[in-house]
Structures are given as structure tokens and as C-alpha cells.
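S.K.: Could you work out the structure for the sequence below:
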Amino acid sequence: MIRSMTGFASASGSLPPHAWDWELRSVNGKGLDLRVRVPDWITGLEVGLRKLIGSEVRRGNLTLSLRMTRDDEAGALQINEAQLASVLKAMVSVEARAAKAGVALAPSRAADIVAVRGVLEQASNEDDAAPLADALMSEATALLADFNAMRDAEGAALHKLLAAQLDEIAALTEQASTLAEARADALSETLGRNLAKVMDSSDAADPDRVAQELALLAVKSDVTEEIDRLAAHVEAARDLIAEGGPVGRKLDFLMQEFNREANTLCAKAQNTELTRCGLALKTVIDQMREQVQNVE
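M.R.: Below you'll find the predicted structure:
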């Protein structure tokens, strides 16, 4: 089954003291352009996510965002034992020198000591990031599954629409073939009349040369090859859609070939009904080309 390049999925999770929200979205793109926005302090998370998504997605502009919060972000306060020891040692030295100099000092209070820079500090919030990374990768796998489920659903709708458009192109190609056959007799009669006019109006005209020129015109107006190629392109497109997988690039190239043959058919038509048929083909082909832009 073919997949759409557009999709969206979101999820939330937690591993105390952390909580998070995921968002994965994509739009059409010529290749795979993946933008990952995750905290850089979780070692290896971005690399793992890129590898995971790259194994499932071939085309599209994707954005993966992870927003994390922590319920104790302010952290607890703790004493820096080394700094406290250094401050107390300095206080003893100061008090001894003051006493020796006959200077009376007020008794020290704990509040004065902890107010000294570096004695009281915020506890470190750093955790072992490995369990958190494992939990996030596990949830990312489920997120990607939801994302692909949405792309599969849109792909199924695209499959039906493209199949219907191919049926319409096939029917118009068959109609063009019928009109071309009906046109053949009229075209032959017209060329015959033109040849007779030329021969009657000019004694110096070379009958063989004139016949060659008219034969060349007949060849140039022949649309058999264009019709055959259109029919072949229809079968090739049906095979690609049935094959499924990342076939969007191949379908896009095939649509260019469809359009080229339809343009040539219109240029060679020389018949009102065949021209109308060719224009109808171009319309359906253009509509199909727009839908193909969504296929991965």
C-alpha cells in the first residue's frame, strides 16, 4: 500500500521526576528532511530518533519535537562542606587575631555563615539519563507507529483516487484511439484532394515529390505511438500503485511522461473531437499529478 507524506502524531509520558510531550508532523518534500528538537543533555537520544524514523520514512519534511518538564526544577539546598570548612577555619583565624589585638567580636550566627558565598548552594539536578533515554525511545516507537497509521489511512484514500484517475485516463486513451481511426479515412481523403489540387494547378509539379510531402504530413499527424505509450504508462502506474512502498518519485516521473504524450496528441490532432479528448486527458493527468505529490 502506498503512503501519504503528510501525517501527524502526538503523545505524552513521564518518568518521575520528568514529564514530556511529543509532537511529530510532516508535509510534502522531494527527499527526507528531518528536524529533531530534543534536549541535548540526554546523550544519544537524537541519534537514536533519527535512526528510528529513517528506517520507516523515506520522503517528506518532518519535524519531531520533545518538550520536557521536571517537577523539582528548583532543586533542594545543600551545604558545600568544603566551603563551610574553609569559612570556619578563616573565622577561627580572624577571631584569634582580633583577640590578640584586643578587639571584641560579636558572636557568629549560623545565618551569617550560610550567607557567605558558596556555603549554601542548590543541589544538583543531574540524573542518570540512560533510563530516561530508554523510556523516551520506547515511547517514540509507539509515536512513530501512530504517525504511520495516519499516513497509511491517507495512503489508502490516495490509492482509490489514483486508481479512479487511471481508469479515466485509460478510457480517454481508448476514446482517442477510436477517434484517431475514424479520422484516418477523412485525413486520407483530405490529403488526396490536396494532391489533386496541386497537380491541377501546376504543370511543373513533380508528382512523386508532392506525394512524398503529403506522406510526410500523414506520418506527422499519426498519433498511434502516443496512444500506445499512454496505454503503457497507465499499466506502469497501476503496477507501481499495487507495488506500494516509497514509489512517489517514480510516479512523479511517470506523470511527466503522461503529460508529454497528451501534449503531443493535442498538437497532432487536426480534429475537433480528438483535440477535445486530448484536452480532457491533460486535465485528468494534471489532477493526478497533484495527488501524486502527496505519495511518499
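S.K.: In this protein, where's the longest helix?
M.R.: Longest helix in the chain, counting residues (DSSP state H): helix 129-201.
S.K.: Which strands and helices lie in contact with that one?
M.R.: Packing partners of helix 129-201 (3 or more CB pairs under 8 Å, 6 or more residues apart in numbering; DSSP states H and E): strand 7-15, strand 18-27, helix 45-54, helix 207-220, helix 224-243, helix 272-292. The C-beta positions use only the backbone N, C-alpha and C, and glycine is treated the same way.
S.K.: got the angle between it and strand 7-15?
M.R.: Relative orientation of helix 129-201 and strand 7-15, computed by axes from the mean of the first three to the mean of the last three CA atoms, to 10 degrees: 180 degrees.
S.K.: how big is the angle separating helix 129-201 from helix 224-243?
M.R.: Orientation check (the same axes, to 10 degrees): helix 129-201 against helix 224-243 gives 160 degrees.
S.K.: Quick check: which ranges of the stretch 151-296 of the chain have low pLDDT?
M.R.: Within the stretch 151-296 of the chain, the stretches with pLDDT under 70 are 184-221.
S.K.: at 80 instead, please
M.R.: Applying pLDDT under 80 to the stretch 151-296 of the chain picks out residues 182-221, 270.
S.K.: Could you export the helices and strands packed on helix 129-201 as CSV, including distance to residue 183?
M.R.: Listed next are those as CSV, based on distance: least, CB to CB, whole Å:
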stretch, distance to residue 183
strand 7-15, 48
strand 18-27, 45
helix 45-54, 53
helix 207-220, 11
helix 224-243, 11
helix 272-292, 6
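S.K.: Now the ones you listed in a markdown table, please, with extra columns for mean neighbour count and distance to residue 147.
M.R.: Listed next are the helices and strands packed on helix 129-201 as a markdown table, based on neighbours: other CB atoms under 10 Å; distance: least, CB to CB, whole Å:
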| stretch | mean neighbour count | distance to residue 147 |
| --- | --- | --- |
| strand 7-15 | 15 | 4 |
| strand 18-27 | 18 | 5 |
| helix 45-54 | 16 | 9 |
| helix 207-220 | 12 | 52 |
| helix 224-243 | 16 | 22 |
| helix 272-292 | 17 | 21 |
